[in-house]
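>>> Fold the following, please.
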Amino acid sequence: MTYEVLARKWRPQQFDDVVGQGHVTQTLKNALATDRVAHAYIFVGPRGTGKTTTARILAKALNCDRGPTPQPCDQCASCKEIMSGASLDVIEIDGASNNSVDQVRDLRDSARYAPARSRYKVYIIDEVHMLSNAAFNALLKTLEEPPPHVKFLFATTEPQKVLTTILSRCQRFDLRRIAPREIIARLAHIAQAEQIAIAPDALLAIARGAEGGLRDAISALDQLVAFRGRNIAEADVLSVFGLVARQTLEALAGALLQGDVAAAIRLVAELDVHGKDLQRVVVELLGHFRDLLVCRYAGTEAELANLTGEQTQQLRAQAAGLEPDRLLRIVELLTEADGRLRHALSRRTLLEIALVRCCRAAQIASLDDILRAVEQARAEEGRDAGPADSPAGAPPPTGAAAVPAAPPAGHRPPAGLAPTAAGVAEPPARYTAAGGTAAQPAPDEVTLLTQQWPKLVERVGHAVMLAKKYLMDAKPLRVEGNRVVIGFDPEFAQEMESVHAPRTQKVVQRALAELLRRDVVVEFTVLPTAGTLPCDHPAAPAAGHTATPGPMTSKTRKEWEQHPTVNKVLEMFNGDISDVRG
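Numbers count the residues shown, from 1 in each chain. Have a look, this model is predicted:
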């Protein structure tokens, strides 16, 4: 007797036997049970997922002697003829070899005749997307209004090539790729029935290689039986189909995450020597990092059900403590390498370069890491620093030089700033009232801010580039406790809105706090009248001091616009005044 391959021998004969397509089979069963079967169906999906099989089961259910029924008997003459492909009323057509308009016209003419012995005449057209546009157009009228005894069942892997006028006249079913765990369960059932001893890791390797196609998986099992007999191990699957062992993938992923370039290149060399498909290595590695991302983000078992318990534990151990951003960067690099490997002449060289880049991406600190480290260092520096009015680690003053913790009522801090050894003026010492709150700072702090304002603006500009332009048109007005008021000239009031961003305010507050040696809150306001620029003119002197005559007050925008020289320049260059600075 002629040998029958496992893929045909174990082809599903009932809707319940179709694996992984419950959303399709349940709909068809309900349609048969309620007598709501449409005149045309199109089954869409990847190879080996059950498109033609489902169409044959539907034809058998329609023409069964007990039917139409959701469960054909498989015993009547009609069922047996359809199962063997000998039925006169179930016509299977290959769309690739019968794609001309003349052949479709013959089909259209024969559809008008009643079935020979069955209830319905069923046309199953496989790979229907191969029909020409003329053939599709010849089928349109018959497909829309067929005779009551005709049913059309189409199957295709490329629905985008089917005319929309055809799709609109059919009920569409999308068959999805079958999950690895469902393929493993089906293979285990077939192996048990065929008395084949196969290791669980070998079943998982077959399911990985099948890529969601059950027919491919059963064909692979059939090939392995011919290669190794009825005792199959994982090594047999890896050697026959060029797959990569799970342990090798974990070792390669570990080398990438640790930045071990030498180990990664050594593993690639071993895979290349053993004849592994390097394109397939990248695909498998992408799948492994996908599992790592699932462990890192979701942490649920639902998306890892196709792995064994030991493999899941190893995956979780590898994913623990990994930064998701680094995982995503590695996935992006591997995806780019996968696309380039398809057209590369030297795949090994390209893969090694991609893995070196992945190792670097796993070790290079991200911007978030740098900001986090800076914040941590500043926090530690703040904890280690001593009081604001004395250097860190210096012993507190004693005797007459000691500052009293609670000065008597009416005491005022001395005016002026005490110079340090470096010659830079420091803020005056702060005094604490009985209630523990900071007293009002000395008015000379405004002078200090005015003198240091250009440097402070320059420092802020390094962190927020645009803030430098806006703050140059502002000046410090007053310091009220822990609140610093910054004023803007009314002519530049619109620029004040630009520094209200939280990040800009935070940077300004940090610079002011380092200059004044205490935490402050910044407030921006508009001057009641046009003022002078802080970088050119000192602030008003403190009480008791005589004001020194300074340079001329800056002209306003209106005055500059009326200046004859400025007008001449504007006319010469056809320009306009966009900014005025003193």
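>>> what about stretch 162-175, start to end distance?
17 Å (CA to CA, to the nearest Å).
>>> so how far is that stretch off the chain centroid?
Mean-position distance between stretch 162-175 and its chain equals 32 Å (CA atoms, centre = their mean, to the nearest Å).
>>> Name the residues of that stretch that come out as buried.
Buried residues in stretch 162-175, counted by 16 or more other CB atoms under 10 Å: 162, 166, 167, 169, 170, 173, 175. Any C-beta I mention is one placed from the backbone N, CA and C, and that applies to glycine too.
>>> Now do that stretch: everything it contacts.
21, 24, 27, 38, 40-46, 49-51, 54, 128-129, 133, 136-137, 139-140, 143-144, 152, 154, 156, 159 (CB atoms under 8 Å, 6 or more residues apart in numbering).
>>> cool, and stretch 505-513?
So stretch 505-513 is contacted by 449, 456, 459-460, 463-464, 467, 471, 484, 486, 499, 519-522 (CB under 8 Å, 6+ apart).
>>> Now which of those would you call buried?
Neighbour counting with 16+ other CB under 10 Å marks 449, 456, 459, 460, 464, 467, 471, 484, 486, 499, 520, 522 as buried within those.
>>> need the contact list for the fifth one.
Right, residue 464. Here residue 464 is in contact with 501, 503, 504, 507 (CB under 8 Å, 6+ apart).
>>> Now, of those, which are buried?
When these are checked for burial by 16+ other CB under 10 Å, the buried set is 504, 507.
>>> Of all pairs in the contacts of residue 464, which one is the farthest apart?
Maximum pairwise distance among those (CB to CB): 9.6 Å, between 501 and 507.
>>> hmm, back to that, pull out the buried members of the contacts of stretch 162-175.
21, 24, 40-45, 49-51, 54, 128-129, 136, 139, 143, 152, 154, 156, 159.
>>> any low-confidence regions in the stretch 401-550 of the chain?
Low-confidence segments of the stretch 401-550 of the chain (pLDDT under 70): 401-443, 529-550.
>>> Phi and psi next, for residue 244.
Backbone torsions of residue 244, given as degrees, to the nearest 10, read phi -110, psi 140.
>>> burial count for it?
A total of 23 residues lie near residue 244 under the criterion other CB atoms under 10 Å.
>>> Break down the stretch 251-400 of the chain into its helices, ranges please.
Ranges of helices in the stretch 251-400 of the chain, per DSSP state H, counting those that start in this stretch, are 261-273, 278-297, 309-319, 324-341, 347-363, 367-384.
>>> closest to residue 205 out of those?
Nearest to residue 205, of all the helices of the stretch 251-400 of the chain, is helix 278-297, at 10.4 Å by CB to CB.
>>> which helices and strands does the closest one pack with?
helix 246-258, helix 261-273, helix 309-319, helix 324-341, helix 347-363 (3 or more CB pairs under 8 Å, 6 or more residues apart in numbering; DSSP states H and E).
>>> Turn the ones you listed into CSV, including distance to residue 58, mean pLDDT and mean neighbour count.
Shown next, in CSV, are these (distance: least, CB to CB, whole Å; pLDDT from 0 to 100; neighbours: other CB atoms under 10 Å):
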stretch, distance to residue 58, mean pLDDT, mean neighbour count
helix 246-258, 39, 87, 19
helix 261-273, 45, 90, 16
helix 309-319, 39, 74, 15
helix 324-341, 38, 86, 17
helix 347-363, 44, 88, 19
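>>> Can you add distance to residue 240 and give those back as CSV?
Shown next, in CSV, are these (distance: least, CB to CB, whole Å):
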stretch, distance to residue 240
helix 246-258, 16
helix 261-273, 16
helix 309-319, 21
helix 324-341, 22
helix 347-363, 21
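>>> Nearest to residue 283 among those would be which one?
When these are compared by CB to CB, helix 324-341 sits nearest residue 283, at 6.5 Å.
>>> tell me the angle of the closest one relative to helix 309-319?
Orientation check (axes from the mean of the first three to the mean of the last three CA atoms, to 10 degrees): helix 324-341 against helix 309-319 gives 110 degrees.
>>> Does helix 324-341 pack against any helices or strands, and if so which?
helix 246-258, helix 278-297, helix 347-363.
>>> make it 6 Å
Contact partners of helix 324-341 among helices and strands, from 3 or more CB pairs under 6 Å, 6 or more residues apart in numbering; DSSP states H and E: helix 278-297, helix 347-363.
>>> Run the chain-centre distance for the longest one.
Using CA atoms, centre = their mean, the distance from the centre of helix 278-297 to the centre of the chain it belongs to is 14 Å.
>>> dump the residue contacts of the most centrally placed residue in the chain.
Residue closest to the mean C-alpha point of the chain, counted by CA atoms, centre = their mean, is residue 328 at 7.0 Å. The contact partners of residue 328, by CB atoms under 6 Å, 6 or more residues apart in numbering, come to none.
>>> make it 8 Å
residue 293.
>>> mind starting the numbering at 37 from now?
Sure thing, new numbering starts at 37, so read that last one as residue 364.
>>> From residue 328, how far out is it?
Per CB to CB, to the nearest Å, residue 364 is found 11 Å from residue 328.
>>> For the nearest residue to residue 515 once chain neighbours are set aside, which three-state class applies?
Among residues not flanking residue 515 along the chain, residue 481 sits closest, at 4.6 Å (CB to CB, 6 or more residues apart in numbering). Assigned with DSSP: H, G, I helix; E, B strand; the rest coil, residue 481 falls in the helix class.
>>> so residue 481 makes contact with residue 514?
No. With contact defined as CB atoms under 8 Å, residue 481 does not reach residue 514; the gap is 9.0 Å.
>>> neighbour-wise, which of these two wins?
Higher neighbour count among residue 481 and residue 514: residue 481, with 19 against 16, using other CB under 10 Å.
>>> So what's the residue count around residue 600?
By other CB under 10 Å, 7 other residues sit near residue 600.
>>> for the closest residue to residue 299 other than its chain neighbours, what are its contacts?
The shortest distance from residue 299 to any non-neighbouring residue, by CB to CB, 6+ apart, is to residue 291 (4.0 Å). Neighbouring residues of residue 291 by CB under 8 Å, 6+ apart: 297, 299, 300, 303, 395.
>>> Rebuild those residues as TSV, extending it with distance to residue 159.
Listed next are the contacts of residue 291 as TSV, based on distance: CB to CB, whole Å:
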residue	distance to residue 159
297	60
299	58
300	55
303	53
395	57
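>>> Much appreciated, bye for now.
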